[in-house]
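> sequence and predicted structure, then a few things I'm wondering about:
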Amino acid sequence: MEVEQAIENWLESSDYDLETAARMLDTGRYVYVVFMCHLALEKALKAIVCAETRKMPLKTHDLLNLLKKGKVKMEGEMLDFLGKINGASVVTRYPDSFSKILSAYPKDVARKYLDDTRKVLIWLRQDPRLRE
């Protein structure tokens, strides 16, 4: 797959996952809101990595690693959120106790993850490498 097509594919898939996160919020599947938000961010970052390196990114779920590989200069609250959702991804993928994870991510928490994800994605989409 050519690089430009791969970038577009990552971005389309990120949009789809964000929409899925919103639908999961509507249906009360709050753990999956967080999971899909992480996935949407991961794919947007993979688009940036692809644009930066001109090749397909590593198969990783680590958002902070992707941030570094993409040479994205993120600071403040957005960077703090990326670290937070990066850690949440592990427990939503591989919960030790499903009942504990359900109680850890109620509706208000899931909504906050979705809102913060939207903000970060809007910011990431401003990266000029995605418009070249």
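Ah, there it is.

> what ranges do the strands span in this structure?
Assigned strands in the chain: none (criterion: DSSP state E).

> okay, now the unreliable bits of it?
132 (pLDDT under 70).

> again, 90 this time
For the chain, the stretches with pLDDT under 90 are 1, 58, 89-102, 131-132.

> spatially central, which residue of it would that be?
What sits nearest the mean C-alpha location of the chain, by CA atoms, centre = their mean, is Leu41, with 1.8 Å.

> ok, that one to Arg118 distance?
10 Å (CB to CB, to the nearest Å). C-betas here are computed from N, CA, C, even on glycine.

> still on that earlier bit, OK, contacts around the residue nearest to the centre of the chain?
For Leu41, the contact set (CB atoms under 8 Å, 6 or more residues apart in numbering) comprises Ser14, Leu63, Leu82, Ile85, Thr117, Val120, Leu121, Leu124.

> how about the last one, nearest residue that isn't a chain neighbour?
On the basis of CB to CB, 6 or more residues apart in numbering, the spatially nearest residue to Leu124 that is not a chain neighbour turns out to be Ala44, at 4.8 Å.

> next: the fourth one.
Closest residue in space to Ile85, ignoring its immediate chain neighbours: His38 at 5.3 Å, by CB to CB, 6+ apart.

> now do the contacts for the one you found.
His61, Leu63, Ile85, Asn86, Ala88, Ser89, Thr92.

> hmm, try it at 7 Å
Under the criterion of CB atoms under 7 Å, 6 or more residues apart in numbering, the neighbours of His38 are Ile85, Ala88, Ser89.
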